[in-house]
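Asks: build the 3D model from these lines:
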Amino acid sequence: MLRQRRSRILATLGPSSSSFERIRALAEAGADVFRLNFSHGSHADHAARYGAIREVERALGRPIGVLMDLQGPKLRVGRLADGKAWLEAGGRLRLDLDPAAGSAARVQLPHPEIFAALRPGAELLLDDGKLRLRVDACGVEHAETTVLVGGMLSDRKGVNVPGVLLPISPLTAKDRSDLAFGLELGVDWVALSFVQRADDVREARALVDGRAWIMAKLEKPAAIEMLDEIVAVADGVMVARGDLGVELPPQQVPVLQRRIVHAARAAGRPVVVATQMLESMIAAPVPTRAEVSDVASAIYEGADAVMLSAESASGQYPVEAVAVMDSVIGEVERDPGWRAGLDASHVPRDSAADASTADAICCALRRVATVLAPAATVTYTRSGATSLRASRERPATPILALTPHAAIARRLTLAWGVHPLPFEEARTLGGMVADGAAAALRHGLAGEGDQVVVVAGFPSGQAGATNLLHVVRVRDVLAEAQ
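Replies: Got it, this is the predicted structure:
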């Protein structure tokens, strides 16, 4: 039932992967979590896919996580008289609020919040950065710009404003409707687009109200400037490389990816690397060598998960794409240099005012796993926090997370090295140790002659009460329990 690898695979569902049979094939090929992209599809489409995921979960007998990805604000120009217009480099273009059809000389930009934030010298990117404008003068309802990079501009193309903090909520009316619907379905993670500041995450958290974990998508330069603050308030983060690569020079994206992964690992937040990982497999049955290296690099960096977008949602080879990603992860994790790299990049948990007993125990877990080389670690968790703390330490042992809550088990499917399992909690210390050892044996993580480490809180039944690390040999503890 459990994966052999530590890193996880997040696969997007779409027209190519909506049926029970196809979703099951994706899960069997290696997908751990499924993404519902609310930028596309109807609520009925997503409800059907969610229902199929839960059917697959029951059929396979292991938790499967579901992440809903909110669209976020989409900034676009208005209509053009002929549907398109050629912008000449060095020419002038006026942007304003007038809804009249535009031309090569002017076009509507129906976003007063952009005009409010613009300053002379700022740049605007149109159509995913294919066209570039410089603001020469601006007011509350217009901007006069010079075309730096020209080309064909079509109706409703997107607008990016790099380097400018926009006074926009990340949650549009559509997002709020979608969020209410997704939470009613029972999604496990909510990916929040257009995050610029920590308050954006707090705004979403007030709406989610504990019903899911929140993943901040880092796709704006403003978010990178406030990286530590955002990571601190989010439950997880996503390196959304597509939008980062539009608003920043592409050569900066790999550097930022490493920085974001490092910050998330240091804070103990699951981190997903996303966008164009196996892009060629949308139309080809095999990836390029560069794409394979890209996936491998994310695993060497210690990312919790890597994501497939169009490859699994609308591509011709969705199952093959998941299988390739699974095989690449497995190959990397068999490399002794992978373990050495994780150890070298590990950030020790320093003593701090907010450090807890659970933090200390999970730090000790890493050392115990190195010295004793037990077969597995068993964590008892009600909120998921203990298992995430253990995952942060990147121990050499797999982590079997036993929780009485199915929802927490599903959320933990995205965490590095964690094998979540809904489990009826024991009420005695001996029962907890025996049940943990038996579960590790039953699920193939340990043999009878192996040692396992049990991390738990006692007395049981209290969230945040982790205070116990116990090393036992499986056969001994099971003999005592008989």
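
Asks: and the longest helix seen in the chain, what other elements does it pack with?
Replies: Across the chain, the longest stretch assigned as helix under DSSP state H is helix 43-60. The contact analysis (3 or more CB pairs under 8 Å, 6 or more residues apart in numbering; DSSP states H and E) places helix 43-60 against helix 20-29, strand 33-37, strand 65-69, helix 173-185. All C-beta atoms are positioned from the backbone trio N, CA, C, and that covers glycine.

Asks: could you redo the last one with a cut-off of 6 Å?
Replies: helix 20-29 (3 or more CB pairs under 6 Å, 6 or more residues apart in numbering; DSSP states H and E).

Asks: tell me the buried residues in the helix it packs on?
Replies: For helix 20-29, the neighbour count (16 or more other CB atoms under 10 Å) marks 22-27, 29 as buried.

Asks: check stretch 458-469 too.
Replies: Applying a neighbour-count criterion of 16+ other CB under 10 Å, the buried positions in stretch 458-469 are 458, 460, 465-466, 468-469.

Asks: residues in contact with that stretch?
Replies: Applying CB atoms under 6 Å, 6 or more residues apart in numbering, the contact partners of stretch 458-469 are 357-358, 361, 364, 382-383, 386, 425, 429, 455-457.

Asks: a markdown table for those, including pLDDT and distance to Ala216?
Replies: Converted to a markdown table, the contacts of stretch 458-469 look like this (pLDDT from 0 to 100; distance: CB to CB, whole Å):
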| residue | pLDDT | distance to Ala216 |
| --- | --- | --- |
| Thr357 | 88 | 28 |
| Ala358 | 88 | 23 |
| Ile361 | 93 | 28 |
| Ala364 | 93 | 30 |
| Arg382 | 92 | 24 |
| Ser383 | 94 | 19 |
| Thr386 | 94 | 22 |
| Glu425 | 77 | 31 |
| Leu429 | 85 | 38 |
| Val455 | 94 | 28 |
| Ala456 | 90 | 30 |
| Gly457 | 85 | 29 |
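
Asks: quick one: which of those residues is nearest Ala191?
Replies: Minimum separation from Ala191 among these (CB to CB) is found for Ser383, which lies at 20.6 Å.

Asks: all strands for the stretch 51-200 of the chain, in order.
Replies: In the stretch 51-200 of the chain, the strands defined using DSSP state E, counting those that start in this stretch lie at 65-69, 84-87, 92-96, 106-108, 123-126, 131-138, 142-149, 151-154, 159-160, 189-192.

Asks: re earlier: rebuild the buried residues of helix 20-29 as JSON lines, extending it with pLDDT and distance to Arg3.
Replies: Listed next are these as JSON lines, based on pLDDT from 0 to 100; distance: CB to CB, whole Å:
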{"residue": "Arg22", "pLDDT": "98", "distance to Arg3": "20"}
{"residue": "Ile23", "pLDDT": "98", "distance to Arg3": "17"}
{"residue": "Arg24", "pLDDT": "98", "distance to Arg3": "16"}
{"residue": "Ala25", "pLDDT": "98", "distance to Arg3": "16"}
{"residue": "Leu26", "pLDDT": "98", "distance to Arg3": "14"}
{"residue": "Ala27", "pLDDT": "98", "distance to Arg3": "11"}
{"residue": "Ala29", "pLDDT": "97", "distance to Arg3": "12"}
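
Asks: from these, which is closest to Val477?
Replies: If you rank these by distance to Val477 using CB to CB, Ala27 comes first, at 32.7 Å.

Asks: how near is that closest one to Thr413?
Replies: Distance of Ala27 to Thr413, computed by CB to CB, to the nearest Å: 11 Å.

Asks: coming back round to it: tell me the buried residues in the longest helix of the chain?
Replies: 45-50, 52-53, 56-57.

Asks: so which of the contacts of stretch 458-469 belong to helices?
Replies: Using DSSP H, 357-358, 361, 364, 386, 429 are the members of those that sit in helices.

Asks: from these, which two are the most distant?
Replies: Ala364 and Leu429 (18.0 Å).

Asks: against Ser42, how distant is Leu207?
Replies: With distances defined as CB to CB, the gap from Leu207 to Ser42 amounts to 21 Å.
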